[in-house]
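Participant: Dropping a prediction and its sequence here:
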Amino acid sequence: MSGSYLREIAPQIGAGLGFREVHLWQGNPSTAIDTDVLSEDEKQRASRYRFSEHRAAFMASRSATRTLLAGYLNCRSRDIRFGYGPFGKPVIAQPSTQLTFNLSHSGNRMLIAVARELELGVDIEFEMGCRFTDAISTSMTCSEQARIEQAPLFFREKLLLRYWTQKEAFLKAVGVGLSFPLTSLHVEFHGAGKTTIRAIEPTRSICLYGQEIDCGRSYIGALVVDPAVSLCHFQF
Ligand SMILES: CC(C)(COP(=O)(O)OP(=O)(O)OC[C@H]1O[C@@H](n2cnc3c(N)ncnc32)[C@H](O)[C@@H]1OP(=O)(O)O)[C@@H](O)C(=O)NCCC(=O)NCCS
């Protein structure tokens, strides 16, 4: 599928987005690349990437995101202006809208979640890219580490990534990114792909709802949002 497919379908699907609903899109962003839609600051950011594959991944995911959001906002892709939170979370600054979104890319896949007035976080990870032994001690709580270590060998990396993606999606929903220690988050799996993620801070505890997302072979995906919502899946 291509950018023109996304341009055609996004306005129709966007028109049906209800409150307490999340539209979750996944696909290969390089099929939707259109550098003409990027802003000057995005082109400058792209030119600063040292590795061409990182530059291409950034341009492709921004093109796809702009094309998709333009369909929901009923405007031209290049007319969208993004603002950024203190830890880099992008938001739609212009046009004025209730629409919220978050995105993640890994390998040749990306996830984009879109909603109205909801704080969202998504994460997708390619299974082969995980440095297993480093990640387990620096990102898991003691009980999560024990659960991973008790799992059959072939299943451990996958289980680690299921925890990891939930935690990263949580931190992206809150907007703080990896500035917050992953070991301060505790994930509970409840069956049917549903989870809760609790952050224990000295003064308050935040708990959000998670969902494991089927992203196909070798990929693990997660969505975190508050409150619990209904979810519609689309491909591009
Ligand atoms: C957000 C973060 C967890 C993403 O990790 P990643 O696995 O490398 O990348 P993903 O593909 O999952 O997500 C990247 C996308 O998340 C979004 N994003 C960036 N920062 C974000 C944040 N703080 N919260 C939510 N989403 C964020 C962006 O759209 C980004 O895509 P883009 O850079 O291509 O536009 C990581 O980059 C991070 O911790 N950033 C915070 C850095 C920080 O503390 N900056 C301080 C600036 S003063």
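Facilitator: Yep, that arrived.
Participant: what residues go with each domain of the protein?
Facilitator: What automatic domain parsing lists as the domains of the chain is 3-122, 125-216.
Participant: and the shortest one, how far apart are its ends?
Facilitator: It refers to domain 125-216. Counting by C-alpha to C-alpha, to the nearest Å, you get 11 Å between the two ends of domain 125-216.
Participant: related to what we said a few turns ago, least reliable of the domains of the chain by average pLDDT, please.
Facilitator: The stretch with the lowest mean pLDDT among the domains of the chain is domain 125-216, at a mean of 90.
Participant: quick one: that domain near the ligand?
Facilitator: Yes: judged by C-beta under 6 Å from any ligand atom, domain 125-216 comes into contact with the ligand through 168, 171-172, 175, 177-179. Just so you know, the C-beta spots here come from the backbone N, C-alpha and C atoms, and that holds for glycine as well.
Participant: tell me which of those residues is nearest to Lys43?
Facilitator: Lys43 lies nearest to Gly177 out of the residues of domain 125-216 next to the ligand, by C-beta to C-beta, at 23.3 Å.
Participant: Can you classify the closest residue in space to the closest one that isn't next to it in sequence by secondary structure?
Facilitator: Counting by C-beta to C-beta, 6 or more residues apart in numbering, the nearest residue to Gly177 once its immediate chain neighbours are dropped is Phe87, at 4.6 Å. For Phe87, the assignment made with DSSP: H, G, I helix; E, B strand; the rest coil gives coil.
Participant: Correct me if wrong: Phe87 contacts Ser179.
Facilitator: Yes: between Phe87 and Ser179 there is a contact at 5.5 Å, judged by C-beta atoms under 8 Å.
Participant: ok, now how distant is the residue at minimal distance from the centre of the chain from the ligand?
Facilitator: The centroid of the chain falls nearest to Val122 when counting by C-alpha atoms, centre = their mean (2.4 Å). Here Val122 is placed at a distance of 7 Å from the ligand (C-beta to the nearest ligand atom, to the nearest Å).
Participant: And that residue, how far from Lys172?
Facilitator: Look at Val122 and Lys172: by C-beta to C-beta, to the nearest Å, they are 7 Å apart.
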